[in-house]
Structures are given as structure tokens and as C-alpha cells.
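Participant: Build me a structure from this.
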Amino acid sequence: MEKTKSTTIKSEKKSTVKKLIKSKKEAVLPTAKLSLAKAALSVAAKKEAPKPEIPKAEIKESAIVASAGEREIVEADFEPKDKKNKRYYEAVGRRKRAIARVRLLTIKPFEGDEGKITVNDKSYQQYFPTMELRQIAEASLRRLKSLNRFEIVARVKGGGIHSQAEALRHGVARVLVDFNADFRKKLKKVGYLKRDPRETERKKFGLKKARRAPQWAKR
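Facilitator: Residues are numbered from 1 along each chain as shown. Now for the predicted structure:
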């Protein structure tokens, strides 16, 4: 008898729980359907609403500059600042670990033995301390007898001062060939167009230098 009573109580509890769940679902469903319908209506209204047309004449290229508490509209200036852009030719010269990026500009011929060569925002006479290095830097132009016909602007980095001078010579020779292919024959004959591959050999472990071995004693 006790078992049957317990089973009946359990079944009644289950049925009441099921009824409560059903009633809650029925109460929630209409509200969810309503919210979905409202969302669909709002989306449709947005799509159907006509967008205001702005005439092209009124559209101006402007940039908004935000200041403290205020906003000012400033017309953007899209024109280049330097209207007189000089035409130039560019090449790269290398020697050991030095790299020279060289630009060549054509100018009116002037009188004088010294060329217009600037290296890292300095004249090549200030940058290179000795006469030998200056002669190396201007060698390509002197070979063509055109030291007073071109202006050279170079950026040099890496390596030592001597390898930088030779890298500059290599870069100037290359850029002159880009300017006029007829210069190639003269510059190649002297060897200014060749990339010199010689570099210091690396030190080896077990040796004192690249090839110098420690003194060997038989006994």
C-alpha cells in the first residue's frame, strides 16, 4: 500500500510540473513573436525610407579639426607643396658593408674644378677628410669630364670612410649609365661599374684570425 501511495504522489508531482512548464511556454511565446514582428517592421521601414540627396556641387573636400569644446571645418589642401619637382635618376652603389643611395640631377654647366656632390647633407669635401677619398668619390664624373654638368645627392651608411667613398663611386657610375647608356663603355673599361666582391674573411674557431693558426710545437 505504501509503495502505491508513493508512486501516485510522484506521478501527480510530475504532472503538475509539466503543466507549469507548458503554461510558462505559452506565456513567453506571444511576447517573443511580438518582439520579432516589431523588429521586422522597423527594418522594413528603414529600407523604405528615402535617403536625402545631396547635390555634388555642395560636397567639398574638407577635414574636420576638433579643438577643445569647438569644431572648425578647414578645407584640405591636396596640391603638392613643391610644385617645381626636379627630375632625377637614382641608383645604389655598394662596397664591403657600405651602401650609397645616389641621386643625379641635371643642372646648367658651371665653371670650376669642384663638383656639386652632397653626402649625408654635407659637401663631399667636408665629409671625406683626405684628398684621396675625394678623388675616389668624384672619379666617375671626372672620367667623363662632366664634373660641372651634374649635381649628386647621396645617402651613405655602413662600413668605413674608405669603403663609403668607393660605394659612392660605384653608385655614381651606375646612375650615369641610367642617365645615358653611351657612358657605359668608358666606365666599364675603368672598372667603376663592377661591384667589388672583396671583403674581410671571417675568423674561424680554433684559429687566431681568419687563417692564422697558433704556433705548433713538435715537442
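
Participant: what's the next secondary structure element after the lowest-mean-pLDDT helix or strand in the chain?
Facilitator: Every helix and strand of the chain was ranked by mean pLDDT, DSSP states H and E. The lowest is strand 70-75, at a mean of 40. As assigned by DSSP states H and E, the chain's next helix or strand after strand 70-75 is strand 88-95.

Participant: What strands line up against the very next helix or strand once past that next one, and which way round?
Facilitator: The helix or strand immediately downstream of strand 88-95 is strand 98-106, counting by DSSP H and E. Applying DSSP bridges, strand 98-106 is found paired with strand 88-95 (antiparallel), strand 150-157 (antiparallel).

Participant: Distance to residue 131, mean pLDDT and mean neighbour count for these - can I get that in a markdown table?
Facilitator: For glycine as for every other residue, the C-beta is placed from the backbone atoms N, C-alpha and C. As requested, the strands paired with strand 98-106 are exported to a markdown table (distance: least, Cβ to Cβ, whole Å; pLDDT from 0 to 100; neighbours: other Cβ atoms under 10 Å):
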| stretch | distance to residue 131 | mean pLDDT | mean neighbour count |
| --- | --- | --- | --- |
| strand 88-95 | 19 | 95 | 19 |
| strand 150-157 | 18 | 95 | 19 |
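
Participant: what ranges do the helices span in this structure?
Facilitator: Shown for the chain, the helices assigned by DSSP state H span residues 2-48, 124-127, 131-137, 139-143, 161-179, 184-190.
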